[in-house]
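In: give me coordinates for this.
(2 chains)
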Protein chains: 2
Amino acid sequence: MYTLSELQKAVANYMNHLDVDGDPHSLYEPIAYSISAGGKRIRPMLTVLACNIFSDNALQALPAAAALEVFHTFTLLHDDIMDNAPTRRGKPSVYGKWGANAAILSGDAMMIYSYKLLQQTPVEFLPAVLGCFNYTAMTVCEGQQCDMNFEKREDVSMEEYMDMINKKTAALLAGSTIIGAIQGGADPQNRQHLFVFATELGLAFQLQDDLLDAYGTEEKLGKPIGGDILEAKKSFLLLAALQRADVNQKGEILAILKDNTMAPADKISRVLALYNTLGVKEMAEAKINEHFNKAMEALDSLDAEAERVAPLRELALGLLGRNK
Amino acid sequence: MYTLSELQKAVANYMNHLDVDGDPHSLYEPIAYSISAGGKRIRPMLTVLACNIFSDNALQALPAAAALEVFHTFTLLHDDIMDNAPTRRGKPSVYGKWGANAAILSGDAMMIYSYKLLQQTPVEFLPAVLGCFNYTAMTVCEGQQCDMNFEKREDVSMEEYMDMINKKTAALLAGSTIIGAIQGGADPQNRQHLFVFATELGLAFQLQDDLLDAYGTEEKLGKPIGGDILEAKKSFLLLAALQRADVNQKGEILAILKDNTMAPADKISRVLALYNTLGVKEMAEAKINEHFNKAMEALDSLDAEAERVAPLRELALGLLGRNK
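Out: Next up is the predicted model:
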């Protein structure tokens, strides 16, 4: 069994030593650039930590763990084209740096590369791991399509929103965790508990991201505050506000969001003022707690030694900023 | 053992009954649209025909065969965005019908769908089949990147061109054939012969496509003649012409290709006149024969009953229009 920090080092080391070059170099350069941009490596960490609960050989899950991270990074690459986003976390996106065509094709190659990593999974686990990976990957695409469809709709319900983030964000965390559990030899009951854990964690994580976009700091968010408001994005906060607002407040929110003449800072502060009046922040916090608690309960339900579950719990607490 | 026409029916039937729908429908609709557009199903036919040489259970290769066809169709979908092509074979392309974002995302889902089909491969063959599929898919991306790089270059050599079509076109035919051979239980020597067969067939097939673009009929080509000339595409014909041309002829060809004021029909007829003077058509025909003969020799080298190889030979002859 490994500690959290041992596995963090192993994942970082594995990701840093991926061999992503070939001919023509122009195809592989954007892939290496995206992967080296880093991030918290949450998905591969979930894979090896889940494996670590049931097996002393958690490092056998590293290729699949890396496949999940590469797949995640690929989705960002194509999302940036669809969102017309020239930057990501303060650096030029592949789309911004090399253009749409390079981002499309290198993104495609990146997805294939994730399957090349997956192919290194020990043969006895390969069919189950490949099946789970494919299901997860397709679900992420479904989530992205829902998100795109929402842009053109005015009647998105909270239920539809939760289903969308379940598919777009939580499913990949769940898939990452299950793929680790499979390679650890977890039984179906334990896999099911881990599925609930990672799904609920993913929902809490995405809702917290929505919350930070309005109430966080630029440092913590990695980009300026209020982006969702300026894009009139159907986030949890906006949908919760519209749910709670009376007719006048609803009209006011929609009018502000649609007003292209208003200065961005004004737009953000006026929407935030309405969010404050409506208690939207507290609603989000309550919802995050609800999902986070369900995630923790699922961990507690595992048929495994507490000591072996501890590193995964530690990661989950850290992810939601509750490890202090 | 099955006949060519039995396998053609089986492939058509399998492709027509693929279950490509889900939620949201908007993600899956372009996938179903692309797959139902049809085509000659060359790649899945190569898979089942190669399997058919060594096994009486060629139908076991149908899921992988379909995976290769779906992957091929996915590449067309993304290529159409990169080429800014609103139509494909006389019908709106996915890009033309639904726009770039839908084409990107449904294309991604389509690639994942190809892996979902692949996952149905009998477990004993799965690692080898997945490995070959990944290698092949990455090679196709490399070929597409080379093709894109060529657009910005004036000094593309014939050797580079042949390497590009090897990767972009021939590799997928080779991969399709090998994946069938693996599932038939072919030994390494026979796989190697089939690799040479399909690669050479792929080169002949692409060169014939280049030839038809200038010397074919609109009916046979499925689009107007001369498209490569109007796009100044570095095809075999253009590179061969530039290779044979003297300084004056070379200057003339390049001037015509760059002239944006010239009527398209004039452009085509003037370039064709130069091609005729330089004997480019005969060069292409000789090259096609050379590769086709190598393909046939590789088939003759197989350690298998002639009767079992006959359906694959028949397909190859038909592909190059030599079955009359």
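
In: next, the contact list for the spatially closest residue to A:Tyr33 that is not a sequence neighbour, please.
Out: With sequence-adjacent residues excluded and distances taken as C-beta to C-beta, 6 or more residues apart in numbering or on different chains, A:Tyr33 is closest to A:Val94, at 6.6 Å. For every residue, glycine as well, the C-beta is placed using N, CA and C. Counting by C-beta atoms under 8 Å, 6 or more residues apart in numbering or on different chains, A:Val94 makes contact with A:30, A:33-34, A:77, A:80, A:102-103, A:106-107.

In: per-residue pLDDT, A:Val94?
Out: The model reports A:Val94 with a pLDDT of 97.

In: cool, A:Gly90 as well?
Out: 86.

In: pretty sure it contacts A:Leu221?
Out: No - using C-beta atoms under 8 Å, A:Gly90 makes no contact with A:Leu221, being 10.8 Å away.

In: neighbour count: those two, which is higher?
Out: Neighbour count, other C-beta atoms under 10 Å in any protein chain shown: between A:Gly90 and A:Leu221, A:Leu221 has more, with 17 against 8.

In: next one: stretch A:151-158 to chain centre, how far?
Out: In terms of C-alpha atoms, centre = their mean, to the nearest Å, the centre of stretch A:151-158 is found 21 Å from the chain centre.

In: what mean pLDDT does it get?
Out: So the average pLDDT for stretch A:151-158 ends up being 94.

In: residue ranges with poor pLDDT in the stretch 101-250 of chain A?
Out: In the predicted model of the stretch 101-250 of chain A, no residue satisfies pLDDT under 70.

In: which bits of it sit near chain B?
Out: Residues of the stretch 101-250 of chain A lying close to chain B (C-beta under 8 Å from any C-beta of the partner chain) are A:101, A:104-105, A:107-109, A:111-113, A:115-116, A:119, A:123, A:126-127, A:130-131, A:133-135, A:137-138, A:141-142, A:144-146, A:148-149.

In: repeat that for 6 Å
Out: Within the stretch 101-250 of chain A, the residues that sit near chain B (C-beta under 6 Å from any C-beta of the partner chain) are A:101, A:104-105, A:108-109, A:112, A:115-116, A:119, A:123, A:127, A:130-131, A:134, A:137-138, A:141-142, A:144-146.

In: put the buried members of these into a ChimeraX selection.
Out: Provided next is the ChimeraX selection string for whichever of these are buried by 16 or more other C-beta atoms under 10 Å in any protein chain shown:
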select /A:101,104,105,108,109,112,115,116,119,127,130,131,134,137,138,141,142,144,145,146
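
In: out of the residues of the stretch 101-250 of chain A next to chain B, which are inside strands?
Out: Residues of these located in strands (DSSP state E): none.

In: wait, what's in contact with the nearest residue to A:Leu117 once chain neighbours are set aside?
Out: Nearest non-adjacent residue to A:Leu117, counting by C-beta to C-beta, 6+ apart: A:Ala67, 3.9 Å away. Residues near A:Ala67 by C-beta atoms under 6 Å, 6 or more residues apart in numbering or on different chains: A:114, A:117-118.

In: out of those residues, which is most surrounded?
Out: A:Leu118 (24 neighbours).

In: kindly indicate which of the contacts of A:Ala67 lies nearest chain B.
Out: When these are ranked by distance to chain B (C-beta to the nearest C-beta), A:Leu118 comes first, at 8.1 Å.

In: which residue is the nearest non-sequential neighbour of that closest one?
Out: Closest residue in space to A:Leu118, ignoring its immediate chain neighbours: A:Ala67 at 4.2 Å, by C-beta to C-beta, 6+ apart.
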